[in-house]
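Enquirer: Coordinates for the following, if possible.
(one chain, ligands or ions: 1)
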Amino acid sequence: MDKVILTVAPTGAWPTKKDTPYVPLTPEEIADEVYACYKAGASVAHIHVRDDEGKPCMHYDKFEKTVKLIRERCDIVLNLTTSGGLGFTDEERMKPLIELKPELASYDCGSMNWMHTSVFINSPSFLEKLGKVMKENNVKPEIEVFDPGMIYNALYYLEKGILEPPLHFQLCMGVAGGIAATVENLVYMKNLLPKDCTWSAFGIGRTHLPILYATLALGGHVRVGMEDNIFYAKGVLAKSNVEFVERTKRIVTEMGKSIATPDEARQILGIKK
Ligand code: ZN
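Expert: So this is what the prediction gives:
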């Protein structure tokens, strides 16, 4: 495939202003950052929001404002989180996608012990409900998997009709409690995916670049951004998510491929504007 979907995940749930002063946290900061990434070539924006103290949240008003500010300025494909962090209610997790109808939203396909400290719960009843609600609202699931078992969960929900083909996967690698971010593991997971799916992958922290290169070599799509990695190089903080987008664009171009525009990404993913 010559077109690569480049997702930027500028905020995530974890980095604070203490970790990096450059992480965008308010709706205005996030929208400015997404627009700058769009101008630099990003195809999709994966959105998390924070409360007034900068903590991870699923506050609907923060999503509403952020999405409005982005939509006023560009047509980047929007992908809203349905986790937002840990411990939110099913209703809090689904309200933004029901109200704002983004083209994509995350579908975390199983539960896990998160970073040796807590539990990331995606119960069978929640996944069934979420699949149904996404279908009703015409939101395509981006199936986030943190270990190979979650791929088999997705195949189960596909067979049950809760997920519909063609599936789109995001292989999230290197989170403690999930699969380690190695090239061998990436190849293994990629080979478990159904033939007609689309997929993307990322490694967190210092595994970011090896997984990016390997994903491109394997024909996958890619995700960058401070949700996954705040360093541009060893000991050097990225001053903006744009730096990751620009670097990825250079790498993709050198490989003889190009970054998909938002409309090309829609076409590849089979979603309507
Ligand atoms: Zn996320």
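
Enquirer: can you map out the helices along the stretch 51-200 of the chain?
Expert: 60-73, 90-100, 124-136, 148-160, 183-192 (DSSP state H, counting those that start in this stretch).

Enquirer: what's the closest of those to residue 245?
Expert: Closest approach to residue 245 among these (Cβ to Cβ): helix 60-73, 15.1 Å. Any C-beta I mention is one placed from the backbone N, CA and C, and that applies to glycine too.

Enquirer: From what I see, residue 265 and residue 43 are in contact.
Expert: Yes. The pair residue 265 and residue 43 qualifies as a contact (Cβ atoms under 8 Å) at a distance of 4.0 Å.

Enquirer: joint contacts of the two?
Expert: 5, 77 (Cβ atoms under 8 Å, 6 or more residues apart in numbering).

Enquirer: All the strands of the stretch 1-150 of the chain, in order from the start?
Expert: Ranges of strands in the stretch 1-150 of the chain, per DSSP state E, counting those that start in this stretch, are 3-4, 6-8, 44-47, 49-50, 56-57, 77-80, 104-108, 112-114, 118-120, 140-145.

Enquirer: doesn't residue 146 make contact with residue 113?
Expert: No. With contact defined as Cβ under 8 Å, residue 113 does not count as touching residue 146 (10.3 Å).

Enquirer: can you list residues touching both of the two?
Expert: 120, 177.

Enquirer: the more surrounded of the two?
Expert: More crowded of residue 113 and residue 146, by other Cβ atoms under 10 Å: residue 146, with 22 against 12.

Enquirer: beta partners for the spatially closest residue to that one that is not a sequence neighbour?
Expert: Among residues not flanking residue 146 along the chain, residue 178 sits closest, at 3.4 Å (Cβ to Cβ, 6 or more residues apart in numbering). Counting by DSSP bridges, residue 178 is bridged to residue 176.

Enquirer: got a list of what residue 178 touches?
Expert: For residue 178, the contact set (Cβ under 8 Å, 6+ apart) comprises 112, 146-147, 172.

Enquirer: If we use 10 Å, what do you get?
Expert: Counting by Cβ atoms under 10 Å, 6 or more residues apart in numbering, residue 178 makes contact with 110, 112-115, 120, 145-150, 171-172, 204.

Enquirer: between the residues you listed, which is closest to residue 78?
Expert: If you rank these by distance to residue 78 using Cβ to Cβ, residue 172 comes first, at 18.9 Å.

Enquirer: List every C-alpha atom in stretch 99-115, with coordinates, as PDB.
Expert: The C-alpha coordinates for stretch 99-115 follow below in PDB (Å, rounded to 0.1, in the frame of the first residue of the first chain):
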ATOM      1  CA  GLU A  99     -23.400  13.100  20.900                       C
ATOM      2  CA  LEU A 100     -20.600  14.100  18.600                       C
ATOM      3  CA  LYS A 101     -20.500  11.100  16.200                       C
ATOM      4  CA  PRO A 102     -16.800  11.100  15.300                       C
ATOM      5  CA  GLU A 103     -15.900   8.900  12.400                       C
ATOM      6  CA  LEU A 104     -13.700   6.700  14.600                       C
ATOM      7  CA  ALA A 105     -13.600   5.900  18.300                       C
ATOM      8  CA  SER A 106     -11.400   3.500  20.300                       C
ATOM      9  CA  TYR A 107     -12.700   0.100  21.100                       C
ATOM     10  CA  ASP A 108     -10.400  -1.500  23.800                       C
ATOM     11  CA  CYS A 109     -10.900  -5.200  23.100                       C
ATOM     12  CA  GLY A 110     -10.200  -6.600  26.600                       C
ATOM     13  CA  SER A 111      -9.200  -5.900  30.100                       C
ATOM     14  CA  MET A 112      -5.600  -5.800  31.500                       C
ATOM     15  CA  ASN A 113      -3.500  -5.100  34.500                       C
ATOM     16  CA  TRP A 114      -2.400  -1.600  33.700                       C
ATOM     17  CA  MET A 115       1.300  -0.600  34.400                       C
END
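
Enquirer: Great, nothing more from me.
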